[in-house]
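Chemist: here you go, sequence then predicted model.
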Amino acid sequence: MRSERPNKWLQFYTPMFPNKDETRASVDPLEALCSGDPRHPAKIMMHQTQRLISLADDIPSIPSGNEALQLLFLLVCAEHISKLFKNFAGEGRSRAFVRNFFEWFLSAEQQEQLCMALESAIKLHTHFEAL
């Protein structure tokens, strides 16, 4: 079972890198981290990101899928990753950490694309509600 895990991470993260060698160069060192290592939260971030985004991606294939549930998984993932990134061990401040995620981890261009996509989705939703 141990040998399956790196393949799962590599498969998930490969589209985010120029090639498999660069994916492996990023994923393998994180996968090798032990719980006592101060960088271990990065391994947890890598695992949680894959799990939550994969769940969110699978939701539309569930009959009567709901975009709100998919969005919830993505927001939980953003919150979790940003809290781990800042070693936040407290409770609360979810909204701030979700906002920070998009500021810390998305380029200005990606932020603009996200805003445009959300605005389009809101307009479309509003249009269909009015019908």
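Modeler: Received the coordinates, thanks.
Chemist: what's the longest helix in the chain?
Modeler: Looking across the chain with DSSP state H, the single longest helix is helix 108-130.
Chemist: what's the helix or strand hosting Asp28 packed up against?
Modeler: Element membership for Asp28 (DSSP states H and E) is helix 20-31. Counting contacts by 3 or more C-beta pairs under 8 Å, 6 or more residues apart in numbering; DSSP states H and E, helix 20-31 packs against helix 4-13, helix 40-58. (Each C-beta comes from the backbone N, C-alpha and C, glycine too.)
Chemist: name the residues that touch that helix?
Modeler: Under the criterion C-beta atoms under 8 Å, 6 or more residues apart in numbering, residues Arg5, Pro6, Trp9, Leu10, Tyr13, Thr14, Met16, Phe17, Arg39, Ala42, Lys43, Met46 lie in contact with helix 20-31.
Chemist: in JSON lines: these, plus neighbour count.
Modeler: Below are these laid out as JSON lines (neighbours: other C-beta atoms under 10 Å):
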{"residue": "Arg5", "neighbour count": "12"}
{"residue": "Pro6", "neighbour count": "14"}
{"residue": "Trp9", "neighbour count": "22"}
{"residue": "Leu10", "neighbour count": "17"}
{"residue": "Tyr13", "neighbour count": "19"}
{"residue": "Thr14", "neighbour count": "15"}
{"residue": "Met16", "neighbour count": "9"}
{"residue": "Phe17", "neighbour count": "15"}
{"residue": "Arg39", "neighbour count": "10"}
{"residue": "Ala42", "neighbour count": "15"}
{"residue": "Lys43", "neighbour count": "19"}
{"residue": "Met46", "neighbour count": "19"}
